[in-house]
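[1] How does the following fold in three dimensions:
(2 chains)
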Amino acid sequence: MALLLWLPVLGPALLAALLTWRHRHPYTHVVPVLAGLLVLGCGIALVARRQVVASWVLRADATASYVLLCVGAVAVVALWGGLSARATGGRMDALVCTFLAAMSLAVLSDNLGVMWVAVEATTIATAFLVGHAGNRGATEAAWKYVVLGSVGVAIAFLGIVLLYASTGASPTLSWVTLTSGGMTLSPHLARAGIALAVLGFATKAGLAPMHSWLPDAHSQAPAPVSGLMSGVLLSVAMYAILRVEAVSSATIGVGLVHGLLIAGGLLSLAVASLLTLTQRDYKRLLAYSSIEHMGVIALGVGSGTTLGLVAALLHILGHGLVKAAMFVVAGRLRNITGTSRIARVSGLLSTRPDLGRQLLAGSAALLGFPPHLTFFTEVAVLLALVQAGLWWAAAAAGVLLLVAFVGISRHVLRMTLGSPAPHHLPPEHPVVDDPPSSGRSAPVALALLSSAVLGLLAIPMAPVLEAAAAALGVRP
Amino acid sequence: MYTTLTSGLVTTAAGVLLLTAVLQSWRRSAAGAVRLLVAQGLALAVLVAALGAAHGAAELLWVAVLVAVVKAGVLPWALSRTATGRLVDRDTATRPALGVLGATVLAMFAYAVADPLRGADQTAAGRALPAAVALVLIGFWILLTRHAAVIQLVGFVVLDNGIAMVAFLTSNGLPLTVELGATLDVLLVVVILRALTSRMRDTHGGTSVGDLSELRD
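    Presented below is the predicted three-dimensional model:
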């Protein structure tokens, strides 16, 4: 069944090549959605097979299959929802397909070096998508994104180089071999290598204090791309950290990695929640919310318990779906208002009830209202921290989540409720006609519905998540 | 086995790499900093070839050729290519003394931290490892302290050269697939950032990274 491994990598890559060749074709914008469906289909098939599939440097265990499914699901929501908002042309669609191929490769590679190459390739594929608008802000965001992203990931590369050197006489970067338990690593090199790899990938995952590029990049990119980057690229970087953590667990112990993740997670929650209070731009607000959610995932993994890991994995899906939907809504909002300033949008429920309702419902899911997935996972992460004896971290995280709750709900309520105020200021961006359309509301509704229903479906979800946690070496 | 010749070559190449990086930490002329990359790339290629000879690994000679072509040829070429044909950017905001001081302190620091990493390795490769770590740190230093966009790119390449040097000195380089993928990635990042530099000239009227201050909270 090696086909299921190669298809999500080569399929989008071939579609990208096709789009570069025929970039003037009128239907190019549908192709990325097809690529997303392809990745989703392969993810579902791999999860359903429940077997490890391996071929050359690729390998899908339960964790990889599950994360591939998340990538596909988020991609479908973001790209379908963004369909007609993009007058971007075939070349941009080709970059989106390349981006998807790179993410699939990062998730499915067994070799840590190949995983690194793929993570770096995601930066390359998205560089011009971030800078797409071509104005001052977009150029600045793209520059910071590529420099900080590449430098951060270069630190991870140094870490992987040292890890490779630490394997001594029979050098290997294969994750399976490294986690098999039979490896004796040279301790100094391995410790330095693992710490650097975690720090490097944490930059890409947007964990504070290496997060400064994230709000810029995610607010300047076109909405569907922001949805993909916020919803799932950050999680792919987090997945890379999970792989490194498993190597650490099998060789030199996980104290160091977990310490880094707890510290980074709490700091991310603090930075993000405090900045949501004073935020003036709604796309940046969503970006800070992504930093907050990455903090929650880092805390879950850092707790070192099965509950925390399972919650973190589930949070990847719950947050990804909702964040992709929210960026779709934010993109449409910017189309019709010509601004991304919070202060210049109000009374959406009466002026554009369709978008107002989606914004309100999406924010509720983002803030962790039951029955959404994020509710269950956030509570589970706090419980996991208490289980691990880190009650002070759980308390701090709980308070910070409440601060973010206040920050985000304050802005969203202002935008949706309230009386629509007449605006005399000229729009900052060209206003695009974006009438209510059931075709484009469908993916948003679907994502929010899945987020609300999946939390209650313990039967199909639990075995998948337990298998994914077990594949990383944690026994329930 | 290391002979006098291969040991000497490894040590000399490491010395040239470190020296060029220190020079780059304070050179004001972007064109000058890019030219130094050529010397750095050639020194890295010599280092790889010497390691190949010492370990009797013929494939490292091919890698050395690849390193020479990419690091001493393609990368500096991509960096110095401009619309007008000549790179005239200068970094006038930088104080050379600060650059040299920073690079010196970092080089000393590198000798302190590299010792536990090299373990019992007393060969020429082990003795050159601190220089590689210093190269990584000086690359960061250039990225942190320099304002001209092109010189920041030079810092990124120095950082990457340092990582490549660590890889070759500690384990004769990574597996070929990873090595090729990583080389391609770095090349593309540099090309993309170079393109963004040109766009920055259009949108911001200059290529000083200090001018990038529009997006903040």
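[2] interface residues of chain B facing chain A?
    Selection of chain B residues close to chain A by C-beta under 8 Å from any C-beta of the partner chain yields B:116-117, B:119, B:136, B:140, B:143, B:149, B:152, B:156, B:159-160, B:163, B:166-167, B:170-171, B:174-175, B:177-178, B:181-182, B:184-185, B:188-189, B:192-193, B:196, B:199-200, B:203-204, B:209, B:212-215, B:217. Heads up, the C-betas are built off the backbone N, CA and C, glycines and all.
[3] Can you select the buried ones among these for me in PyMOL?
    Of the residues of chain B next to chain A, the buried ones can be selected in PyMOL as follows, counting by 16 or more other C-beta atoms under 10 Å in any protein chain shown:
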select buried, chain B and resi 117+119+136+140+143+149+152+156+159+160+163+166+167+170+171+174+175+178+181+182+185+188+189+192+193+196+199+200+203+204+209+212+215
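[4] Looking at the residues of chain B next to chain A, which are in helices?
    When the residues of chain B next to chain A are checked against helices (DSSP state H), the matches are B:116-117, B:136, B:140, B:143, B:149, B:152, B:156, B:159-160, B:163, B:166-167, B:170-171, B:177-178, B:181-182, B:184-185, B:188-189, B:192-193, B:196, B:199-200, B:203-204.
[5] can you tell me how far the residue nearest to the spatial centre of chain B sits from residue B:198?
    Central residue check for chain B by C-alpha atoms, centre = their mean: the C-alpha nearest the mean position is that of residue B:158, 1.9 Å away. For residue B:158, the distance to residue B:198 (C-beta to C-beta, to the nearest Å) stands at 22 Å.
[6] Verify the stated contact: residue A:12 with residue A:94.
    No. The pair formed by residue A:12 and residue A:94 falls short of the contact definition of C-beta atoms under 8 Å, at 9.9 Å.
[7] Counting neighbours, go ahead and name the busier of the two.
    The residue with more neighbours, out of residue A:12 and residue A:94 and counting by other C-beta atoms under 10 Å in any protein chain shown, is residue A:12; that gives 29 against 25.
[8] How many residues are close by the closest residue to chain B within the stretch 251-400 of chain A?
    When distances are taken as C-beta to the nearest C-beta, the stretch 251-400 of chain A approaches chain B most closely through residue A:275, which lies 5.8 Å from it. Residue A:275 sits with 20 neighbouring residues when counted by other C-beta under 10 Å.
[9] same thing with the one 4 residues further on?
    Residue A:279 has 22 neighbours, counted by other C-beta under 10 Å.
[10] Check whether the residue lying closest to it once chain neighbours are set aside sits in a helix, strand or coil.
    In space, and not counting its chain neighbours, residue A:279 is closest to residue A:285: 4.5 Å by C-beta to C-beta, 6 or more residues apart in numbering or on different chains. Three-state secondary structure (criterion: DSSP: H, G, I helix; E, B strand; the rest coil) places residue A:285 in helix.
[11] surely residue A:285 meets residue A:410?
    No. Distance between residue A:285 and residue A:410: 10.3 Å, which falls outside the contact criterion (C-beta under 8 Å).
[12] The residue nearest to residue A:279: what's it in contact with?
    By C-beta atoms under 8 Å, 6 or more residues apart in numbering or on different chains, residue A:285 lies in contact with A:276, A:279, A:342, A:408, A:411.
[13] try it again with 10 Å
    A:215, A:219, A:272, A:275-276, A:279, A:326, A:330, A:340, A:342, A:363, A:407-408, A:411-412, A:415 (C-beta atoms under 10 Å, 6 or more residues apart in numbering or on different chains).
[14] Where does pLDDT dip in the stretch 51-200 of chain A?
    A:84-89 (pLDDT under 70).
[15] how does it look with 90?
    Within the stretch 51-200 of chain A, the ranges that satisfy pLDDT under 90 run A:51, A:56, A:81-92, A:132-137, A:168-171, A:180-187.
[16] the strands in it, which residues?
    Across the stretch 51-200 of chain A, reading from the start of the chain, the strands by DSSP state E, counting those that start in this stretch fall at A:53-55, A:58-60.
[17] tell me how far the last one is from the chain's mean position?
    On the basis of C-alpha atoms, centre = their mean, to the nearest Å, strand A:58-60 is displaced by 20 Å from the centre of the chain it belongs to.
[18] now do the first one
    Averaging C-alpha positions (C-alpha atoms, centre = their mean) puts strand A:53-55 25 Å from its chain's average.
[19] Could you list the buried residues of that strand?
    Residues of strand A:53-55 classed as buried: A:53, A:54 (neighbour count, 16+ other C-beta under 10 Å).
[20] again, but for stretch B:120-137
    B:123-137.
[21] and the residue in the stretch 201-350 of chain A that chain B sits nearest to, what element?
    In the stretch 201-350 of chain A, no residue comes nearer to chain B than residue A:216, which is 4.5 Å away by C-beta to the nearest C-beta. Secondary-structure element containing residue A:216, defined by DSSP states H and E: helix A:213-220.
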